[in-house]
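Engineer: here's a sequence, model it:
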Amino acid sequence: QHSLATGSPRIKALSARNPLWRPCLARRQQRRITQATMTFLSLAAKARALPIDNHVKSLYRNICKELPRVMTLYDFDIPAPIARRAIRNHFSRNAHIKDERIVDMLVEKGYMDLEETLLQHKQRSHLIRVFAGYIEPSGHDRKRLGPDATIDEQFSRA
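Structural biologist: Residues are numbered from 1 along each chain as shown. Below is the predicted model of the structure:
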């Protein structure tokens, strides 16, 4: 295998002969840097490697530990106990699941969501849905209004 380092003689020779090689080299180096920063945390892989009996409990503790940082990053004014209660509600919603494969998949998804949140790949509105328990109606239900809808509700459907 050859190195993509800019100091290698092969790269210097190729870039001297072919000026189109330089942008390609720059893109490869940028892609490598981006991949290195995208896998910055890799919380799920680290958690999988730990010899823990209960991964669900570990995920819950990690989320609660990172909750003050998330509240600061996304500028939430929700008190920490209320935010923890919302997180606990999400865990209790899936408490009835006994299949180990599904539990492992949900734990992996939880770690990925935590990582995306800490890397600020989520927007504030995504987390508001988590903390407020808001479920956005989908399809034709989002346009449907009740018979006692106010004018404000009619205009807030945009």
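Engineer: hey, let's count contacts and neighbours off CA atoms from now on
Structural biologist: Noted.
Engineer: now do the same end-to-end measure for stretch 91-100.
Structural biologist: One end of stretch 91-100 sits 15 Å from the other (C-alpha to C-alpha, to the nearest Å).
Engineer: which residues touch that stretch?
Structural biologist: By C-alpha atoms under 8 Å, 6 or more residues apart in numbering, the residues outside stretch 91-100 that reach it are residue 103.
Engineer: report the buried residues of it.
Structural biologist: residue 91 (16 or more other C-alpha atoms under 10 Å).
Engineer: after the helix or strand of the chain with the lowest mean pLDDT, which helix or strand is next? Please name it.
Structural biologist: Scoring the helices and strands of the chain by mean pLDDT, DSSP states H and E places helix 21-38 at the bottom, with a mean of 54. Per DSSP states H and E, the first helix or strand lying C-terminal to helix 21-38 is helix 43-49.
Engineer: now do the buried residues in that next one.
Structural biologist: Those would be 43-44, 47, for helix 43-49 by 16+ other C-alpha under 10 Å.
Engineer: can I get that helix in PDB, CA atoms only?
Structural biologist: Coordinates of each C-alpha in helix 43-49 appear next as PDB, following Å, rounded to 0.1, in the frame of the first residue of the first chain:
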ATOM      1  CA  LEU A  43     -20.000   5.900  21.900                       C
ATOM      2  CA  ALA A  44     -21.900   2.800  20.700                       C
ATOM      3  CA  ALA A  45     -18.700   0.900  19.900                       C
ATOM      4  CA  LYS A  46     -17.100   1.900  23.200                       C
ATOM      5  CA  ALA A  47     -20.200   0.700  25.100                       C
ATOM      6  CA  ARG A  48     -20.300  -2.500  23.200                       C
ATOM      7  CA  ALA A  49     -16.700  -3.300  24.100                       C
END
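Engineer: contact partners of that helix?
Structural biologist: Helix 43-49 has contacts (C-alpha under 8 Å, 6+ apart) with 55, 108, 111-112, 115.
Engineer: could you rerun that using 7 Å?
Structural biologist: 108, 111-112, 115 (C-alpha atoms under 7 Å, 6 or more residues apart in numbering).
Engineer: so which of those residues belong to helices?
Structural biologist: Using DSSP state H, 108, 111-112, 115 are the members of the contacts of helix 43-49 that sit in helices.
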